[in-house]
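Chemist: I'd like to go over a predicted model; first the sequence, then the structure.
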Amino acid sequence: MTETPLILWFRRDLRLGDQPMLAAAVASGRPVIPVFILDPETEALGAAPKWRLGLSVGAFATALEGLGVRLVLRRGPALEVLRALIAEVGAGGVWWSRLYDPASVARDTGVKAALRAEGVEARSFAGHLLHEPWEVQTGQGGFYRVFTPYWKATRGMGVVAPSAAPTGLRGVGVWPRSEQLEDWRLGAAMNRGAEVVSRYQTVGEAGARAKLAAFLAGPVGRYAEMRDIPGVQGTSRLSENLTYGEIGIREVWHAGLRARDEGQAGAESFLRELAWREFSYHLMHHSPQIVSANWKPDWDRFPWRGDSPEAERWRRGMTGEPFVDASMREMYVTGTMHNRARMIAGSYLTKHLLTHWKVGLDWFAECLTDWDPAANAMGWQWVAGSGPDAAPYFRVFNPAGQAEKFDGKGAYQRRFIAELAREPGAEALGFFDAVPRGWGLRPGQSYPKPVVDLAEGRARALAAYAARNA
């Protein structure tokens, strides 16, 4: 069996270190054929995450070449592609790291069953999470629906130490044909926005590790109080790298533990946020409907509005509420959005504009380079009130009040809103270069008046919630 090749199917695990599947393959002594498949599930990604994924695939291919192997690129339904490769190279097995969103679970379950029925070893590995979702259970054997008990249950659970990156890999004598990454045109839907957003991406394992080191060398000490301030570098900014598996979550966790043990005051809060990411996957595994339907079924009768001209104003960062608009513009310029800003933008859409959270969820899935299926779904349902551990219905974030509290001097708002700055900077002006030309936005235009009076919007939301609960 040591001469029978293994196909290693990479997806959102584009790294060499802290890679259980890769470590097991090296230990097996078998030659490996790394492959990345552009299948229909991957094709369905939004513009920004698909473009960013392409950058990650390219960086990972280069890293593999440094170890003496190639990343084979193929396009088509996963099972068809894998069957063809197995026939070409005589592979005896296909291994992959698990994913947990409903579409990936359905695909992977079908692939595993079909390959095993054909006598091919099909094996999946952990690696995307600290704990597999089914490993964490309540005392009654169920799953956790509220974060705080989940955090208490997992806080003391051991996490396996990350494996080191291999120094070399055993390949095959003759490599199968590979498609060219540039021919896939993964960034086509980004249009001119790619040039703007590319300046803010840290692609690949080495860059992710350097980003983690920089965070632990400084910002982690004040993380608890600074993580809510969007105008400063108070967070790790690792979300894009964790999304594509450019750094392992176990590596990040253990680094956070070391920082806590060394007396860094904010490290415990940082670990808690990593657990929040885990919680979103725990929920998505046990209640997969969270990605597409109200987690609390009684919210199905809530009078959500669909898309509308007001929602389009939100989408374009032209609501007339500076904190909301700065949040949206940050996304178009950098590809990501500060977490506090996500809460404010989400609350404004779902509460002040009474718009269905799916409108926002789908738009973020189109525009975020750090889009994550579990975190995006739980975040939107949390702020809307329809999800697990949600903000209470009466919590309607006031964008002006939030700005005063978390951006008191207006630095974040001026950073991204040219109309509010005396001398707009590159990021504020970059917004106009990143968004679709069809929006007709340009520097020098007047800043719009608010879509809705904040007090009136809040009162309308509370009335709707009261009627729902009557």
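Modeler: Thanks, I have it.
Chemist: Can you list the residue ranges for strands in the stretch 51-200 of the chain?
Modeler: 72-75, 93-97, 121-125 (DSSP state E, counting those that start in this stretch).
Chemist: Run me through the strand neighbours of the first one, direction for each.
Modeler: Each strand that strand 72-75 pairs with, and the sense of that pairing, follows from DSSP bridges: strand 32-38 (parallel).
Chemist: Taking strand 93-97 as reference, get the angle to the strand it pairs with.
Modeler: For strand 32-38 against strand 93-97, the angle between stretch directions is 60 degrees (axes from the mean of the first three to the mean of the last three Cα atoms, to 10 degrees).
Chemist: Moving along the chain from strand 32-38, name the first helix or strand you hit.
Modeler: Downstream of strand 32-38, the next assigned helix or strand under DSSP states H and E is helix 40-43.
Chemist: Distance from the chain centre to that next one, please.
Modeler: Distance of helix 40-43 from its chain centroid, counting by Cα atoms, centre = their mean, to the nearest Å, is 16 Å.
Chemist: who does that helix touch, helix- and strand-wise?
Modeler: Under the contact definition 3 or more Cβ pairs under 8 Å, 6 or more residues apart in numbering; DSSP states H and E, helix 40-43 sits against helix 47-65, helix 102-117. To be clear about C-beta, it is placed using only N, CA and C from the backbone, and glycine gets the same treatment.
Chemist: need those in JSON lines with mean neighbour count, can you?
Modeler: Conversion of these to JSON lines gives the following (neighbours: other Cβ atoms under 10 Å):
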{"stretch": "helix 47-65", "mean neighbour count": "21"}
{"stretch": "helix 102-117", "mean neighbour count": "15"}
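Chemist: among the ones you listed, which is nearest Arg272?
Modeler: Ranking these by their distance to Arg272 (criterion: Cβ to Cβ) puts helix 47-65 first, at 25.7 Å.
Chemist: now for the closest one, which elements pack on it?
Modeler: With contacts defined as 3+ Cβ pairs under 8 Å, 6+ apart, the packing partners of helix 47-65 are strand 32-38, helix 40-43, helix 181-184, helix 193-197, helix 205-217, helix 239-243, helix 357-367.
Chemist: what's the spacing between the very next helix or strand once past the longest one and its chain's center?
Modeler: What that stands for is helix 205-217. The first helix or strand that comes after helix 205-217 along the chain, using DSSP H and E, is helix 223-226. Taking Cα atoms, centre = their mean, the mean C-alpha location of helix 223-226 is offset from the chain mean by 21 Å.
Chemist: Please enumerate the helices of the stretch 301-450 of the chain.
Modeler: 309-315, 322-334, 339-347, 357-367, 373-384, 399-406, 411-416, 426-434 (DSSP state H, counting those that start in this stretch).
Chemist: Give me the average confidence score over the third one.
Modeler: Per-residue pLDDT over helix 339-347 has a mean of 97.
Chemist: send the alpha carbons of it over as CSV?
Modeler: Extracted C-alpha coordinates of helix 339-347, given in CSV (Å, rounded to 0.1, in the frame of the first residue of the first chain):
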residue,chain,number,x,y,z
ASN,A,339,-17.2,43.2,14.0
ARG,A,340,-18.7,46.2,15.9
ALA,A,341,-19.5,47.7,12.5
ARG,A,342,-21.2,44.5,11.3
MET,A,343,-23.5,44.6,14.3
ILE,A,344,-24.4,48.3,13.6
ALA,A,345,-25.0,47.8,9.9
GLY,A,346,-27.0,44.6,10.5
SER,A,347,-29.1,46.2,13.2
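Chemist: That helix: how far from the chain's middle?
Modeler: The offset between the C-alpha centroid of helix 339-347 and the centroid of the whole chain comes to 15 Å, using Cα atoms, centre = their mean.
Chemist: in stretch 223-237, what counts as buried?
Modeler: When neighbours are counted by 16 or more other Cβ atoms under 10 Å, the buried residues of stretch 223-237 are found to be Tyr223, Ala224, Met226, Arg227, Asp228, Ile229, Pro230, Gly231, Gly234, Thr235, Ser236, Arg237.
Chemist: Taking their axis directions, the lowest-mean-pLDDT helix or strand in the chain and helix 339-347 sit at what angle?
Modeler: Each helix and strand of the chain was given a mean pLDDT (mean pLDDT, DSSP states H and E); the minimum falls on helix 454-469 at a mean of 90. Direction vectors for helix 454-469 and helix 339-347, defined by the same axes, to 10 degrees, enclose an angle of 70 degrees.
Chemist: tilt between helix 454-469 and helix 399-406?
Modeler: For the pair helix 454-469 and helix 399-406, the angle between their directions (the same axes, to 10 degrees) equals 110 degrees.
Chemist: What is the neighbour count of Leu71?
Modeler: The criterion is other Cβ atoms under 10 Å. On that basis, Leu71 has 21 neighbouring residues.
Chemist: Kindly provide the distance from it to His254.
Modeler: 27 Å (Cβ to Cβ, to the nearest Å).
Chemist: out of the helices and strands packed on helix 40-43, nearest to Tyr332?
Modeler: With Cβ to Cβ as the criterion, Tyr332 lies closest to helix 47-65 of the helices and strands packed on helix 40-43, at 9.3 Å.
Chemist: quick one: low-confidence parts of the stretch 251-400 of the chain?
Modeler: Scanning the stretch 251-400 of the chain with the threshold set as pLDDT under 70 gives 390-393.
Chemist: What residue spans form the domains of the chain?
Modeler: The chain breaks down into these structural domains: 1-128, 130-158+194-286, 297-469 (assignment by automatic domain parsing).
Chemist: how far does stretch 34-44 sit from the chain's center?
Modeler: That offset, for stretch 34-44, works out to 17 Å (Cα atoms, centre = their mean).
Chemist: ok, now stretch 373-390?
Modeler: Relative to the centre of its chain, stretch 373-390 is centred 14 Å away, using Cα atoms, centre = their mean.
Chemist: residues in contact with it?
Modeler: 100-101, 145-147, 239, 277, 279-281, 283-284, 287, 290-291, 294-296, 299, 302, 342-343, 346-347, 350-351, 357-358, 360-361, 364-365, 368, 391-393, 395, 397, 465 (Cβ atoms under 8 Å, 6 or more residues apart in numbering).
Chemist: what does stretch 124-144 give?
Modeler: By Cβ under 8 Å, 6+ apart, the list of residues contacting stretch 124-144 from outside reads 12-13, 18-21, 24, 95-100, 108, 112, 149-150, 153-154, 157, 159, 245, 248-250, 253, 274-275, 278-279, 281-287.
Chemist: re earlier: tell me the gap between the least confident helix or strand of the chain and the middle of its chain.
Modeler: Between the mean C-alpha position of helix 454-469 and that of its chain there is a distance of 31 Å (Cα atoms, centre = their mean).
Chemist: tell me what it is packed against?
Modeler: For helix 454-469, there is no helix or strand it packs on, judged by 3+ Cβ pairs under 8 Å, 6+ apart.
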